[in-house]
Every structure is written in C-alpha cells, then in structure tokens.
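Here's my sequence, what's the structure:
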Amino acid sequence: MNGTTSQKFVKLLAARDFEGVAATLASDAHARFLLPHGLEEHAGRDPIVGRIKSWFESASVFELASSSEGTVGLRQRVSWRFTVVRDGGSSEVIEQLAYLNLGHQGIEQSDLLCSGFQIGTGIATGYEQVFSAGALG
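Next comes the predicted model:
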C-alpha cells in the first residue's frame, strides 16, 4: 500500500463508509487515539472502526471542511477537519491528525491526535470544548 491509502481512508471516512474504512485497515491493525480525555488503544480492525464509528455515525450534518496529507519518513501524515451537527445541537468542528504505518494489507498502525468537538467560531468568548466520543469505559 502507498500514500493513496491515506487519501482513500479520508475519502471513505468523509462518506461515513465504515465498511470501506475497515477495508483500508490490516486485520491486525493497532491504533492509539490521544483524545481530550486521554489515551485509548485499540487492536484489530473491528474495534478500531467501531470506535471511529461511535464518534461520527449519528451526526445529522457531517461535512469535510479540509484535509491534508504528506510523508514523514516512512509514515503517512493525514489530517481532516469535519463540520458536524449532533443531536440537533449547534454546529461543531472536529480536527484529527494521524500518522499511519502502511503495509501490504493496509494501514497497520495509526497514531491519532483529536481536537475534540469544538463549538464556537461565532462565539465572542472564543471556543468552547465539547467532547463526547461515546462510552469511555
């Protein structure tokens, strides 16, 4: 696999095609997610995709605002920013940055940093952090 795998990953994520996202991962993939509440680690395609799905599946509005990618040594760097509306609430923005190790069967390792769901480009006092990534236990 090569850099196009990271592009495909973002495209499938933006479409909320979670089966497609799963297909970009090696079956024994590992992921570390640094979220506002702390570090989570997941092993295996299904647990990784399940966690990603818990963040985005229920949004009534889900739009890709921007994305970028590059190479850092042997790793692929990819970032994305989504505008979302969850549970009829206010518009929120979430940005994530991931470093990926790619292998013959797909993404083998993902190290992801998450901004959390942010409200407030129009709020005079600045941004307010709101983060709910599903059950944390």
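
residue contacts, the residue nearest the centre of the chain?
Ranked by distance to the mean C-alpha position of the chain (Cα atoms, centre = their mean), the top residue is Gln96 at 5.6 Å. Residues in contact with Gln96 (Cβ atoms under 8 Å, 6 or more residues apart in numbering) are 79-80, 112-115. Placement of C-beta: from N, CA and C, glycine included.

contacts for stretch 71-91?
3, 5-7, 9-10, 13-14, 56, 58-70, 92-102, 117, 119, 132.

Can you say which of the residues you listed are buried?
Neighbour-count burial (16 or more other Cβ atoms under 10 Å) applied to the contacts of stretch 71-91 gives 5-6, 9-10, 13-14, 56, 59, 62, 67, 69, 92-102, 117.

In terms of secondary structure, what does the host helix or strand of Glu41 contact?
Using DSSP states H and E, Glu41 sits in strand 38-43. If you count contacts as 3 or more Cβ pairs under 8 Å, 6 or more residues apart in numbering; DSSP states H and E, strand 38-43 packs onto strand 25-35, helix 45-56.

swap the cut-off to 10 Å and go again
Secondary-structure packing of strand 38-43 (3 or more Cβ pairs under 10 Å, 6 or more residues apart in numbering; DSSP states H and E): strand 25-35, helix 45-56, strand 106-114.
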